[in-house]
Each structure stands twice: as structure tokens, then as C-alpha cells.
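S.K.: Next one to model:
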Amino acid sequence: MVVSWIKGIAGVVCVLLGLLWIGQGTNLLPGSFMSGQRQWVIIGLVLVVVGAWLLWTLVRRRAVSGASRS
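M.R.: Model (predicted):
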């Protein structure tokens, strides 16, 4: 149960931080040393993918455990 919470929080944080870094890397959110730097777009994309994977595994696990209870 605790692992689910940690995985969910980590997934949301990764997605949000990745989106922030993508915004800074593409210069949509200027004013940082990351602004306009392509490497931060790539790092942000990787982080979004990792966060989405964490959330997907969490949802999938709940769906599978819910289906087996019926």
C-alpha cells in the first residue's frame, strides 16, 4: 500500500517536473539557465516517460487486482 503511494507521488512529480523542463528547454518559460537549451527538452521528455510509466504500472496493477477480486 505504501509503495503504491510512493509510486504515485513519484510519477506525478516526474511528469510535472519533466513538463516544466520541456517548457524551459523550448523557451516557453524563459528566465532560467535552462531556457532555450535543447538538452533540457530531452531530459524533460525522458522524465515524462518515466513518470507516465510509473503511473501506468500503478493503474494497471489496480485494474488487474480489481478484476481478480470479482
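S.K.: Hmm, residue 47 and residue 17 touching each other?
M.R.: Yes - shown here, residue 17 and residue 47 form a contact pair, counting by Cβ atoms under 8 Å, at 5.9 Å. All C-beta spots, glycine's among them, are computed from the backbone N, C-alpha and C.
S.K.: quick one: low-confidence ranges for the protein?
M.R.: The model of the chain has pLDDT under 70 over residues 67-70.
S.K.: Skipping its backbone neighbours, what lies nearest residue 46 in space?
M.R.: Once flanking residues are discounted, residue 46 sits nearest to residue 18: 7.4 Å by Cβ to Cβ, 6 or more residues apart in numbering.
S.K.: For residue 57, see how far away the closest residue to residue 54 other than its chain neighbours is.
M.R.: Nearest residue to residue 54 in three dimensions, chain neighbours excluded: residue 11, at 3.5 Å (Cβ to Cβ, 6+ apart). The gap separating residue 11 from residue 57 is 9 Å, by Cβ to Cβ, to the nearest Å.
S.K.: swap in residue 18?
M.R.: On the measure of Cβ to Cβ, residue 18 and residue 57 end up 17 Å apart.
S.K.: what do you get for residue 50?
M.R.: Per Cβ to Cβ, residue 50 is found 11 Å from residue 57.
S.K.: which of those two has more neighbours?
M.R.: Each of residue 50 and residue 57 has its neighbours counted (other Cβ atoms under 10 Å); residue 50 has more, 15 against 12.
S.K.: Hmm, the more buried one is touching residue 12, no?
M.R.: No - when contacts are counted by Cβ under 8 Å, residue 50 is not listed as touching residue 12 (11.8 Å).
S.K.: one step back: in contact with the residue nearest to residue 46, which residues are there?
M.R.: Residues counted as contacts of residue 18 (Cβ atoms under 8 Å, 6 or more residues apart in numbering) are 43-51.
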